[in-house]
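Visitor: here is a sequence together with a model predicted from it:
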Amino acid sequence: MRFRAAVLRAYEAPFTIEEVLLPTDPAPGEVLVEIAGAGMCRTDLAVRRSAGRSPLPAVLGHEGSGVVVATGGGPDVSLGPGDHVVLSFDSCGRCRNCRAAAPAYCDSFASLNLFGGRADEPPRLADAHGRPLAPRWFGQSSFAAYALVPARNAVRVDPALPLELLGPLGCGFLTGAGAVLNTFAARPGDTLAVLGAGAVGLAAVMAATAAGVRTVAVDHRPERLDLAERFGATPLPAAPRGLPERIRRLTDGGAQYALDTTASAPLVNDALHALRPTGTLGLVARLHAPLTLEPGTLDRGRGIRHICEGDAVPSLLIPRLTGLWQAGRFPFDELIRTYPLADVNEAERDCDAGRVVKPVLLPERRDR
């Protein structure tokens, strides 16, 4: 089949909207999904800074949502045509971590999600001339009208939900909310400091408010602090000095948990200093330089760990988040601005400039 997709052909080049080919039907264990919307995530844009490690040309996109149009069948496929689904990250389902309900730490996570693909799969997408494109990104490549995905990636959702807006629940919002609800298992009365009020940080704020957790949100952008306050956090402007003391003052002696979304070494140290004894700092952003910890940051039982994909089992957390949204307690839609897929480069510029928290690309669909 032929359809349109946003193709990145060079690391410094803009996306181009091209006709692409999908020369294969769904294999056993796969589903073909017509994409309703696809969130643009910082991980997509980080391909430009991958120093050649991510092969191009490629179709990016790993926060897709859409309608199943065909399946390849198989014992592990419970989806059927017409089902509404959110697409999340890929995992093998067989390794020790997958079997232990920790698919974000799948032994094959890098190869399955970061353009390595599955060794037993035939090539998927090709350009209009039949030249192969890179293996599918995060098992989906959803900056396109259609995506052929492992059924394991796809989570069925209520068809009454606004399907075109749900894709970011598969990664960005999943990561922030999962850090609070899964990793920290935060409870009413706990305290949390969130450093960086972007899509991941604001999702953490919303989840914390839903869980009864008292939250402080730190950012240097007043408009992001306004959002954090609307979602239930105490806003705190970032400053070069005195941040740990201000966080401790607002959390009655120190936060039990902190979540850093910035990968800033000074803010990581500030967050550790702001923790109460036995407190935990979670990191979700990839560090691009050595991290030097200041003396005393890990004293008195404090800990630090990296969190991947919110420690989520997507088939469990995504329905939980949509249920909170339906109850008015996780208003993620307020962070979204939609763009036609053809405006993918404008969406990237707005994302880089901070004019939008979460862009969602809308391919042309037959029912529009």
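Guide: In hand now; what should we look at? Residues are numbered from 1 along each chain as shown.

Visitor: buried ones in stretch 34-54?
Guide: 34-44, 47, 54 (16 or more other CB atoms under 10 Å). All C-beta atoms are positioned from the backbone trio N, CA, C, and that covers glycine.

Visitor: show me how far that stretch is from its chain's centre.
Guide: 11 Å (CA atoms, centre = their mean, to the nearest Å).

Visitor: check stretch 115-135 too.
Guide: Distance, centroid of stretch 115-135 to centroid of chain: 23 Å (CA atoms, centre = their mean).

Visitor: which residues in the stretch 51-200 of the chain form helices?
Guide: 96-99, 109-113, 172-178, 199-210 (DSSP state H, counting those that start in this stretch).

Visitor: which of the ones you listed sits closest to residue 20?
Guide: Taking CB to CB, helix 109-113 is the member of the helices of the stretch 51-200 of the chain nearest to residue 20, at 19.9 Å.

Visitor: please work out which residues outside that closest one touch it.
Guide: Identification of contacts with helix 109-113 by CB atoms under 8 Å, 6 or more residues apart in numbering yields 62, 89-92, 106, 116-118, 137-139, 308.

Visitor: so where is this structure shaky, pLDDT-wise?
Guide: Residues of the chain that meet the criterion pLDDT under 70 lie in 51-52, 117-120, 122-123, 365-368.

Visitor: just say helix, strand or coil for the closest residue to residue 210 other than its chain neighbours.
Guide: Distance criterion CB to CB, 6 or more residues apart in numbering; nearest residue to residue 210, sequence neighbours excluded, is residue 329 at 4.3 Å. Three-state call for residue 329 (DSSP: H, G, I helix; E, B strand; the rest coil): coil.

Visitor: run a quick neighbour tally on residue 329.
Guide: Neighbours of residue 329 under the rule other CB atoms under 10 Å: 15.

Visitor: now swap in residue 301 and tell me
Guide: 11.

Visitor: then residue 284?
Guide: Neighbours of residue 284 (other CB under 10 Å): 24.

Visitor: now do the contacts for it.
Guide: Counted by CB under 8 Å, 6+ apart, residue 284 has contacts 175, 176, 179, 200, 259, 260, 261, 306, 307, 308.

Visitor: which of those residues sits closest to residue 167?
Guide: Nearest member of the contacts of residue 284 to residue 167, counting by CB to CB, is residue 175, at 13.4 Å.

Visitor: related to what we said a few turns ago, rebuild the contacts of helix 109-113 as a markdown table, extending it with neighbour count and distance to residue 15.
Guide: What follows is the contacts of helix 109-113, written out as a markdown table (neighbours: other CB atoms under 10 Å; distance: CB to CB, whole Å):
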| residue | neighbour count | distance to residue 15 |
| --- | --- | --- |
| 62 | 30 | 15 |
| 89 | 25 | 22 |
| 90 | 26 | 22 |
| 91 | 26 | 27 |
| 92 | 18 | 30 |
| 106 | 23 | 29 |
| 116 | 14 | 22 |
| 117 | 19 | 21 |
| 118 | 15 | 25 |
| 137 | 26 | 13 |
| 138 | 27 | 17 |
| 139 | 26 | 20 |
| 308 | 18 | 26 |
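
Visitor: one step back: reformat the helices of the stretch 51-200 of the chain as TSV; add mean neighbour count and distance to residue 274.
Guide: Listed next are the helices of the stretch 51-200 of the chain as TSV, based on neighbours: other CB atoms under 10 Å; distance: least, CB to CB, whole Å:
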stretch	mean neighbour count	distance to residue 274
helix 96-99	14	31
helix 109-113	19	31
helix 172-178	29	19
helix 199-210	29	15
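
Visitor: make TSV from those helices and add distance to residue 251 to it.
Guide: Converted to TSV, the helices of the stretch 51-200 of the chain look like this (distance: least, CB to CB, whole Å):
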stretch	distance to residue 251
helix 96-99	33
helix 109-113	34
helix 172-178	19
helix 199-210	12
